[in-house]
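> Any chance you could fold what I've pasted below:
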Amino acid sequence: MESYLLSKLQKGDFDFTMRIYNSDGSEFEMCGNGIRCFARFLQDLGEDAESYRIHTLAGPIISVMNSDNTITVDMGEPILDGPSVPTTLAPNSEHNSVLEQTHTCNGKEWKISMVSMGNPHAVIFVDDLENDIDFETDGPALENDTTVFPAKTNVEFVHVMSPTHLKMKVWERGAGPTLACGTGTCALVVAAIRAG
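Next up, the predicted model:
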């Protein structure tokens, strides 16, 4: 379970600040779903803006309140530079990035693509989400492997169902299994396009 601490800025370039804490007490940079919930919360409190410029640890994020009652969030550009994600896995692709780089963890060999959407994601493509991974042990082992993920990492295990359908299981840094991850979905799409 995540919790949010909210505070309105009195001056500067932002309307609000969003700080996010995981169930383990760690603070993290950005939550795609959380920022949409935050924008709706602001609206429910009586804020009546068409958009909100929100300060996060990942930088400024803009939430737009659409006329059809949906919320659009500009998630920003992905960070591909390995050391900036951060990871110590050796860059092996353009932009000093890590694309399906081999790493052994928890007694298994993984091909890991690293993407940051303001927070680090290790995207791993597998043939079978039920048989190729032991989610409850592989997820936390990878998350906490600080030899290659110095800030720990979110882990997305992904099965390609078809060219237009991907299925993922998310082990969220500091929180464990999660049913939805906006930044993870963005990272997954980036990794899938790059991997072909």
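> in this protein, which spans are strands?
For the chain, the strands defined by DSSP state E occupy 3-8, 16-21, 27-28, 51-56, 59-65, 71-74, 101-105, 108-116, 120-125, 154-162, 165-172, 176-178.
> Serialize the ones you listed to JSON lines and add fields for distance to residue 39.
The C-beta positions use only the backbone N, C-alpha and C, and glycine is treated the same way. Below are the strands of the chain laid out as JSON lines (distance: least, Cβ to Cβ, whole Å):
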{"stretch": "strand 3-8", "distance to residue 39": "11"}
{"stretch": "strand 16-21", "distance to residue 39": "9"}
{"stretch": "strand 27-28", "distance to residue 39": "18"}
{"stretch": "strand 51-56", "distance to residue 39": "6"}
{"stretch": "strand 59-65", "distance to residue 39": "4"}
{"stretch": "strand 71-74", "distance to residue 39": "5"}
{"stretch": "strand 101-105", "distance to residue 39": "36"}
{"stretch": "strand 108-116", "distance to residue 39": "22"}
{"stretch": "strand 120-125", "distance to residue 39": "22"}
{"stretch": "strand 154-162", "distance to residue 39": "22"}
{"stretch": "strand 165-172", "distance to residue 39": "21"}
{"stretch": "strand 176-178", "distance to residue 39": "20"}
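> Deepest-packed of the ones you listed, please.
Among the strands of the chain, strand 120-125 has the highest mean neighbour count (mean count of other Cβ atoms under 10 Å), at a mean of 26.
> how far out from the middle of the chain is stretch 22-30?
12 Å (Cα atoms, centre = their mean, to the nearest Å).
> Quick one: end-to-end length of it, please.
11 Å (Cα to Cα, to the nearest Å).
> about what we covered before: between the strands of the chain, which gets nearest to residue 86?
Among these, strand 120-125 comes nearest to residue 86, with 6.5 Å by Cβ to Cβ.
> Tell me which other helices or strands the closest one touches.
Here strand 120-125 touches strand 108-116, strand 154-162, helix 182-195, going by 3 or more Cβ pairs under 8 Å, 6 or more residues apart in numbering; DSSP states H and E.
> Adjacent strands (with direction) for that strand?
strand 108-116 (antiparallel), strand 154-162 (parallel) (DSSP bridges).
> That'll do, ta.
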